[in-house]
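Chemist: Dropping a prediction and its sequence here:
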Amino acid sequence: MPHVILEEKCTGCTLCIMACPVDAIFGEKKKIHDISPDICIDCGACHAACAFDAILNPEGQISPKLKRNQKPKAIVDEQHCTGCEKCYERCPFDALYMTQVADEQSFYGIVKVIDKKCTGCRECEWACPYDAIFVYHMDEIPAWLRVAEPTREPRGANGSIAAAPAPAPAPAAPSLSGA
């Protein structure tokens, strides 16, 4: 079931239309709006934008407004991401981007998430054929997904691999001559 606009609460402010990434909402300003169930991807962007709690979620409830640390967000498991770009292509919010990896044998890059753009709509999660991207509420990310970043070298502004810091010199060996 897609999101639904309550006629008795809708003011026709058009905030939901502006927030919808797939143009599933239609209506004229100051008139009741409607959501096309065939187009709606249930991302919740309309609900988050609605100042009048006029939009029901797929469960038929008015969802509570979430604090930033409670909102769902895509998390990439970089150990399993192949850089196939399927999630990148499917994201309706342009919340994903590709980065290069330092591994010279790797042809593909790796997906990264732009936190401010991600709504947690799950389109990327559903598109990933390698189970490398997950959507969790920020305060519920499992420990196995919160591990340190894999060893990938950063890229410079021009896309080239940034120079790794030079190793520290080895300490001098003590002198055996006693002098």
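Modeler: Yep, that arrived.
Chemist: so after the least confident helix or strand in the chain by mean pLDDT, what's the next helix or strand?
Modeler: Least confident element among the helices and strands of the chain, by mean pLDDT, DSSP states H and E: helix 45-49 (a mean of 87). Later in the chain than helix 45-49, the nearest helix or strand by DSSP states H and E is strand 55-56.
Chemist: CA atoms only: put the helix or strand following that following strand into PDB for me.
Modeler: For strand 55-56, the succeeding helix or strand toward the C-terminus, using DSSP H and E, is strand 72-76. Written as PDB, here are the backbone C-alpha positions of strand 72-76 (Å, rounded to 0.1, in the frame of the first residue of the first chain):
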ATOM      1  CA  PRO A  72      16.700   5.500   8.500                       C
ATOM      2  CA  LYS A  73      19.800   5.700   6.300                       C
ATOM      3  CA  ALA A  74      21.600   3.500   3.800                       C
ATOM      4  CA  ILE A  75      24.800   1.900   5.000                       C
ATOM      5  CA  VAL A  76      27.200   0.300   2.600                       C
END
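Chemist: if I pick G12, what's in contact with it?
Modeler: Shown in contact with G12 (CB atoms under 8 Å, 6 or more residues apart in numbering): 27-33. C-betas here are computed from N, CA, C, even on glycine.
Chemist: Let's verify it: helix, strand, or coil?
Modeler: On the three-state scheme (DSSP: H, G, I helix; E, B strand; the rest coil), G12 is labelled coil.
Chemist: any weak-confidence spans in this structure?
Modeler: Per-residue confidence of the chain (counting by pLDDT under 70) places the weak regions at 1, 103-107, 147-179.
Chemist: For the chain, which segments count as helices?
Modeler: Chain-ordered helices for the chain, with DSSP state H as the definition, fall at 15-19, 45-49, 86-90, 123-127.
Chemist: Save those helices as a markdown table, and put in mean neighbour count and distance to G60 too.
Modeler: A markdown table is the format used below for the helices of the chain (neighbours: other CB atoms under 10 Å; distance: least, CB to CB, whole Å):
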| stretch | mean neighbour count | distance to G60 |
| --- | --- | --- |
| helix 15-19 | 18 | 17 |
| helix 45-49 | 21 | 12 |
| helix 86-90 | 18 | 26 |
| helix 123-127 | 20 | 22 |
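Chemist: Many thanks, have a good one.
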